[in-house]
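Trainee: the sequence and its predicted three-dimensional model are supplied below.
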Amino acid sequence: MKPKKTSPTTTPKNTKIGILDSGVGGLTVLLEITKIIPHADIEYIADSSHCPYGAKSPTEIQHRVTTLSKQLIKKGVDIIVIACNSATIHAVESLRSSFHIPFVGMEPAIKPATLTTKSNTIGILATEASIAGEKFHHLLNTHAPANKIKVITQPCPKFVTLVEAGTITGTSVQKAIHEYTSHMILAGADTLVLGCTHYPFLKPAIQQTLGNNINIIDTGNAVAKRTLSLIPNNQTTNNQTPTINIHTTGNLNHLISIFPKLCPSLIQSASLQQLITS
Ligand code: DGL
């Protein structure tokens, strides 16, 4: 009688999630993802040498995120989260048709804002590229028709510059908040949408400046939930310690200096690395 073959016991691999953004803004999404998917391995790319995407053309944005997606796929990711509204608006379709891997995108939370507002006036803070996008206008026409909701849009490039510099509190932040939001509040907006992933780093400062009567909405948590929904159940929990690699195409020393301010909870677990792209 032949001896019974015993199959070697293989520990299930952690799911590996790729995340990309024009810079460190997508870390706001990474923080939400690690809260609800603590066992995933993460490869994050901050394209800080090409930030801001908000001032770039759709073609330039598509080119950058295609390059970054190839890098993430080389690192063996199972899924890619485009933690950037501008890139989702201009490139998610082309990425989905170019690569055979699931992509999670994100868009400004216009619908939730229209369901929350009592004054029927909402402010949408997003990049210039997002606001110019066809997808953005489609979202507006679908969820916030002009005869029902007054929408005030505002690009906030200084917010991106501040966050990339690691400045999330202080006078320069307050000045920028006033510059970008005062007219919205004067016009009666009671709900603000943070339609760029850099902006949630300034949420505490914005809330403090505008007061608690203003409802501030962002989509990080919803994107994390959507990502979780794409991961097979058996891969969400196992005993392998997850790895979190944060790559920057920008200056690594700068990232090392600002990271503790942006992600204090990840100082011990994240490894910061340089990435060279063509
Ligand atoms: N964080 C990005 C977004 O969500 C873009 C910021 C920028 O590079 O302009 O749109």
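Mentor: Thanks, I have the structure now. Numbering: from 1, shown residues only.
Trainee: give me the mean pLDDT for stretch 199-215.
Mentor: When pLDDT is averaged along stretch 199-215, the result is 98.
Trainee: just the strands in the protein please.
Mentor: Using DSSP state E, the strands of the chain run over 16-21, 41-46, 79-82, 103-104, 121-126, 150-155, 191-194, 215-217, 244-248, 270-274.
Trainee: any chance of a markdown table for those, columns distance to Leu202 and mean neighbour count?
Mentor: The C-beta positions use only the backbone N, C-alpha and C, and glycine is treated the same way. Formatted as a markdown table, the strands of the chain follow (distance: least, C-beta to C-beta, whole Å; neighbours: other C-beta atoms under 10 Å):
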| stretch | distance to Leu202 | mean neighbour count |
| --- | --- | --- |
| strand 16-21 | 15 | 26 |
| strand 41-46 | 17 | 25 |
| strand 79-82 | 21 | 25 |
| strand 103-104 | 23 | 22 |
| strand 121-126 | 10 | 25 |
| strand 150-155 | 13 | 19 |
| strand 191-194 | 8 | 27 |
| strand 215-217 | 10 | 20 |
| strand 244-248 | 20 | 21 |
| strand 270-274 | 21 | 14 |
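Trainee: format the ones you listed as JSON lines; extra columns: distance to Tyr53.
Mentor: Listed next are the strands of the chain as JSON lines, based on distance: least, C-beta to C-beta, whole Å:
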{"stretch": "strand 16-21", "distance to Tyr53": "8"}
{"stretch": "strand 41-46", "distance to Tyr53": "12"}
{"stretch": "strand 79-82", "distance to Tyr53": "11"}
{"stretch": "strand 103-104", "distance to Tyr53": "16"}
{"stretch": "strand 121-126", "distance to Tyr53": "12"}
{"stretch": "strand 150-155", "distance to Tyr53": "12"}
{"stretch": "strand 191-194", "distance to Tyr53": "16"}
{"stretch": "strand 215-217", "distance to Tyr53": "21"}
{"stretch": "strand 244-248", "distance to Tyr53": "15"}
{"stretch": "strand 270-274", "distance to Tyr53": "20"}
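Trainee: can you put the ones you listed in a markdown table and add distance to the ligand?
Mentor: Listed next are these as a markdown table, based on distance: least, C-beta to the nearest ligand atom, whole Å:
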| stretch | distance to the ligand |
| --- | --- |
| strand 16-21 | 5 |
| strand 41-46 | 10 |
| strand 79-82 | 9 |
| strand 103-104 | 13 |
| strand 121-126 | 7 |
| strand 150-155 | 9 |
| strand 191-194 | 9 |
| strand 215-217 | 14 |
| strand 244-248 | 14 |
| strand 270-274 | 19 |
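Trainee: out of those strands, flag the one nearest Ala55.
Mentor: strand 150-155 (9.2 Å; C-beta to C-beta).
Trainee: which other residues reach the closest one?
Mentor: With contact meaning C-beta atoms under 8 Å, 6 or more residues apart in numbering, strand 150-155 is reached by 54, 110, 120-128, 131, 140, 144, 180-181, 183-184, 187-189.
Trainee: before we move on, what about stretch 200-219?
Mentor: Contacting residues not belonging to stretch 200-219 are listed as 25, 27-28, 106-109, 112-113, 116-117, 159, 162-163, 168-169, 173-174, 177-178, 181, 185, 189-194, 199, 220, 262 [C-beta under 8 Å, 6+ apart].
Trainee: ok, and for stretch 205-218, which residues are buried?
Mentor: Burial within stretch 205-218, assessed by neighbour count using 16 or more other C-beta atoms under 10 Å, is assigned to 205-206, 209-210, 214-218.
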